[in-house]
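> give me the fold of what follows.
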Amino acid sequence: MAFINADWRDFQNTPAIEEKYKGGILIDDYLDILKKTGWYHTHIIQAPMSSQRFTAGVVSAMQKKNILGVISRYVIILNQER
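Purely as a prediction, here's the structure:
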């Protein structure tokens, strides 16, 4: 199985240093769930995406607030235990 995903973090308008894990779903959470259902990962590839969604105004606002922008996704390839 292969799928594309990204960490989900509740960070809208929050400086990176103030982000809290609570409520977030990170790649290791996905992997833990899949492992419990008999899958194991063989590859994790970070795939870059276009930075086109970040306009100059958006980047400027993010810099002022020290907000991180994400421009990649994970491609996770898994196999089932037999």
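> which residues does residue 6 contact?
Residue 6 sits next to 70, 72-74 when contact means C-beta atoms under 8 Å, 6 or more residues apart in numbering. All C-beta atoms are positioned from the backbone trio N, CA, C, and that covers glycine.
> most neighbours out of those, which is it?
Ranked by neighbour count (other C-beta atoms under 10 Å), these have residue 74 at the top, with 18 neighbours.
> direction included, what does the host helix or strand of that one pair against?
Under the criterion of DSSP states H and E, residue 74 resides in strand 72-80. Neighbouring strands of strand 72-80 in its sheet, by DSSP bridges, are strand 2-5 (antiparallel), strand 39-48 (antiparallel).
> re the thing from before, with respect to residue 42, which of the contacts of residue 6 is nearest?
residue 74 (13.3 Å; C-beta to C-beta).
> bridged to the closest one, which residues?
Going by DSSP bridges, residue 74 is paired in beta bridges with residue 5, residue 46.
> pretty sure it sits against residue 43.
No: look at residue 74 against residue 43 with C-beta atoms under 8 Å: they stay out of range, at 10.0 Å.
> for stretch 7-27, C-alpha coordinates in PDB please.
Only the C-alpha atoms of stretch 7-27 are listed here, as PDB (Å, rounded to 0.1, in the frame of the first residue of the first chain):
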ATOM      1  CA  ASP A   7       1.400  15.900   9.600                       C
ATOM      2  CA  TRP A   8      -1.700  17.600  10.800                       C
ATOM      3  CA  ARG A   9      -1.000  20.200  13.400                       C
ATOM      4  CA  ASP A  10      -3.300  22.700  15.000                       C
ATOM      5  CA  PHE A  11      -1.000  25.600  14.300                       C
ATOM      6  CA  GLN A  12      -3.000  28.100  12.300                       C
ATOM      7  CA  ASN A  13      -1.600  31.600  13.000                       C
ATOM      8  CA  THR A  14       0.700  30.200  15.800                       C
ATOM      9  CA  PRO A  15       4.400  30.900  16.000                       C
ATOM     10  CA  ALA A  16       6.400  27.700  15.600                       C
ATOM     11  CA  ILE A  17       7.900  28.000  19.200                       C
ATOM     12  CA  GLU A  18       4.300  28.100  20.600                       C
ATOM     13  CA  GLU A  19       2.900  25.100  18.700                       C
ATOM     14  CA  LYS A  20       1.600  22.400  21.000                       C
ATOM     15  CA  TYR A  21       1.500  18.700  20.100                       C
ATOM     16  CA  LYS A  22      -1.900  18.100  21.700                       C
ATOM     17  CA  GLY A  23      -4.400  17.600  19.000                       C
ATOM     18  CA  GLY A  24      -1.800  17.100  16.300                       C
ATOM     19  CA  ILE A  25      -1.400  13.900  14.200                       C
ATOM     20  CA  LEU A  26       2.100  13.300  13.100                       C
ATOM     21  CA  ILE A  27       3.600  10.700  10.800                       C
END
